[in-house]
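[1] Just to be clear, the model below is a prediction. Sequence and coordinates:
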Amino acid sequence: MLPRNCLCGLRRAQRLAAGKPSESRCCGLSGDAQRVVHDRQQRRFVVQLDGAGPERSAVLNYSYRTDRHVQLLSTVVPEPFRGKGVAAQLAKAALDFVVEEQLKATVSCWPMERAVMEEDAVKEEQPTL
């Protein structure tokens, strides 16, 4: 959830969805920090936040249940970066991966559940042609 007086996370998400990087530093995230890296060997998505080290990384972990079915396990965002759209960025990257690889997915963490519900709501709002 975004702070009441801050719309940068919403604007950032809109720009990312449109394929435009955001250089906004509001809320402590730079354009470079927003890049989600898919670490296939460790089976996780990672965002490096301002600063270095594991305490400045947000992570979404997953595992394979079968060759074509992944389980989205957990999302960890350091306390100073919570409520700023970081988990949503990780969730979007994970959902994009599931769709691109034509996988089935099981969701085990609430940020992912929320992302899936929001994605469904957006699809319902879009007119069909």
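    On my side now, so go ahead.

[2] What residues of the biggest strand by length in the chain count as buried?
    Secondary structure assigned by DSSP state E gives strand 57-66 as the longest strand of the chain. For strand 57-66, a neighbour-count test (16 or more other C-beta atoms under 10 Å) marks 57-62 as buried. Glycine gets a C-beta too; all of them are placed from N, C-alpha and C.

[3] and the residues you listed as CSV, adding distance to residue 93?
    Formatted as CSV, the buried residues of strand 57-66 follow (distance: C-beta to C-beta, whole Å):
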residue, distance to residue 93
57, 14
58, 11
59, 11
60, 8
61, 13
62, 11
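
[4] Any chance of a markdown table for these, columns pLDDT?
    As requested, the buried residues of strand 57-66 are exported to a markdown table (pLDDT from 0 to 100):
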| residue | pLDDT |
| --- | --- |
| 57 | 92 |
| 58 | 93 |
| 59 | 95 |
| 60 | 95 |
| 61 | 96 |
| 62 | 97 |
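
[5] picking up where we left off before, quick check: neighbours of the longest strand of the chain in the sheet, parallel or antiparallel?
    Strand pairing for strand 57-66, determined by DSSP bridges: strand 44-48 (antiparallel), strand 69-76 (antiparallel).

[6] In the chain, mark out all the helices, start to finish.
    Under the criterion DSSP state H, the chain carries helices at the ranges 8-17, 86-100, 110-125.

[7] Can you list the low-confidence ranges for this protein?
    1-34, 51-54, 119-129 (pLDDT under 70).

[8] Fine by me, thanks again.
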